[in-house]
Each structure stands twice: as structure tokens, then as C-alpha cells.
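[1] sequence and computational prediction follow.
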Amino acid sequence: LRGRDIKRYGYEFADLYLIATFPSRHYNIEEYPAVKNYLLSFGIKRLEQTGKEYIVNGEKIKARKKTNNKWFETQDSISYWDDFFKPKIVYPNMTKFLPFVYDENGFLTNQKCFIITGTATAFLTAFFNSSLFKYCFRESFPELLGDTRELSKIFFDKISVIQVDEKAEIKFKTAVLDIQSEYTESKAREIDSMIFDLYNLTTEERDAIGYITIK
């Protein structure tokens, strides 16, 4: 998934895939001939991890930085790689719309997305997509050109979030999976109400916040 693919409670999969041959997985490339041939189509001199420079067809080519990894492996082990296969929240690093999606399908992302793993991820997806979050915290993220916001981790770290128990997490997970299967405004408003109830907001506070429609 790319940043542009993330929607509020959803995504548009562009049929793109990543080949992630982490050194820690100790892959035998000979067991994957199609992958091997595809990678070699870029040229072994580009892929090897020696840092050497070559002249190929009159063009100066530099190999990847020097490591002890094999030519077909990624340069770094990336210790958090298995987090992508846990239940997680995916969101773009820069956006006008503050969209968040809950993922249990093991999607990978490019560098234009961030992910959040841990406990209560379904509730957090609902909270981040809620009118309450947009009303209270949209200005917590720095504004870039064109009213775009930067959603870096350092800004999330400053946001306090109520703790929920397992029963509440299950309730929010049901609601989030439902709206992600078919998005409607009425479902989004119902999740807003669930968030308002959790925070014990008064009628006046709910009216002041209203329903914020940016997606």
C-alpha cells in the first residue's frame, strides 16, 4: 500500500507487490527461479553489495553499499519486518484528510506510509478516524503546502488516548470491520457516537464537535 491508497476506513489496492528477501530469513534463491530471473534482469552488478563501480555498455554503474549479505538480499535485516503481518493501523505520512485503515491482511507499505501495531488497534483506528480526533488534534500535526499535514510519530507521541479493555476493543473491531467492508456516513456517525460515549461527552460538547467530514 502507498500513501495515496489509504482512505478513511479503507484502501485502494493498486495490485503492487514487494519482494522482501531479508537476510534473517536465509532464503535459498535457487528455490525461487522466477524471482531470481526477475532480479537478475536489473543486472548483477547493480545488485551485488560490494560498493564497487563498473562500466556497463558505456554507463557508469555503482553496486549497492558493501555488506556481507548476498546479492539478492535486502541490505538491512529490518528487525520490525514481522510487524507487517500483525493486526495494524496503516496511514499516510502526509495527507490532507487524516485517513486511517485497520489491516489484518498482512499488507506491506512503501515509505509513504506508517504503521502502528500493539494493543487496541481497532479502537485506535476508530479514534483516529473520528470527528473527536480531528476536532481536537488536527492542529497537532504541522501544516505543509496545500493544507497537507505531516503525520510523523513524534506528533502522535504527544497525544493522550483513553485506555480501553478487551470488551471495548472487540466492540470497536466489529464496528471497524463492518464500515471497512462497506463505508457509509451513518456508520461513521455511529462510531463517532461510540467514541463520544467512551469519553462521556455532554450534549453541548457533541454539538460543538459535530460531524467532521474530511476523509
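    Alright, I've got the coordinates.

[2] contacting residues for the residue located most distally from the centre of the chain?
    Ranking residues of the chain by C-alpha distance from their mean position (CA atoms, centre = their mean) puts residue 58 at the top, at 40.7 Å. Not one residue lies near residue 58 by CB atoms under 8 Å, 6 or more residues apart in numbering. C-beta coordinates here come from the backbone N, C-alpha and C atoms, glycine included.

[3] kindly report the same for residue 124.
    Counting by CB under 8 Å, 6+ apart, residue 124 has contacts 89, 116, 161.

[4] skipping its backbone neighbours, what lies nearest the second one in space?
    In other words, residue 116. residue 89 (4.2 Å; CB to CB, 6 or more residues apart in numbering).

[5] so the one you found sits in a strand?
    Yes: counting by DSSP: H, G, I helix; E, B strand; the rest coil, residue 89 is located in a strand.

[6] run a quick neighbour tally on it.
    20 (other CB atoms under 10 Å).

[7] repeat for residue 97
    16.

[8] hang on, it packs against residue 8?
    Yes: the criterion here is CB atoms under 8 Å, and residue 97 meets it with residue 8 at 6.8 Å.

[9] just to revisit the earlier point, quickly list what the residue nearest to residue 116 is bridged to.
    residue 102, residue 116 (DSSP bridges).

[10] who's in contact with it?
    100-103, 115-117, 121, 124-125, 128.

[11] give me the buried subset of these.
    Applying 16 or more other CB atoms under 10 Å to those, the neighbour count classes 100-103, 115-116, 121, 124-125, 128 as buried.

[12] residue ranges for the strands of this protein, please.
    Counting by DSSP state E, one finds strands in the chain at the ranges 6-7, 10-11, 53-56, 59-62, 88-92, 94-95, 101-103, 113-116, 149-150.

[13] ok now the fifth one, how far from the chain's centre?
    Between the centre of strand 88-92 and the centre of its chain there are 3 Å (CA atoms, centre = their mean, to the nearest Å).
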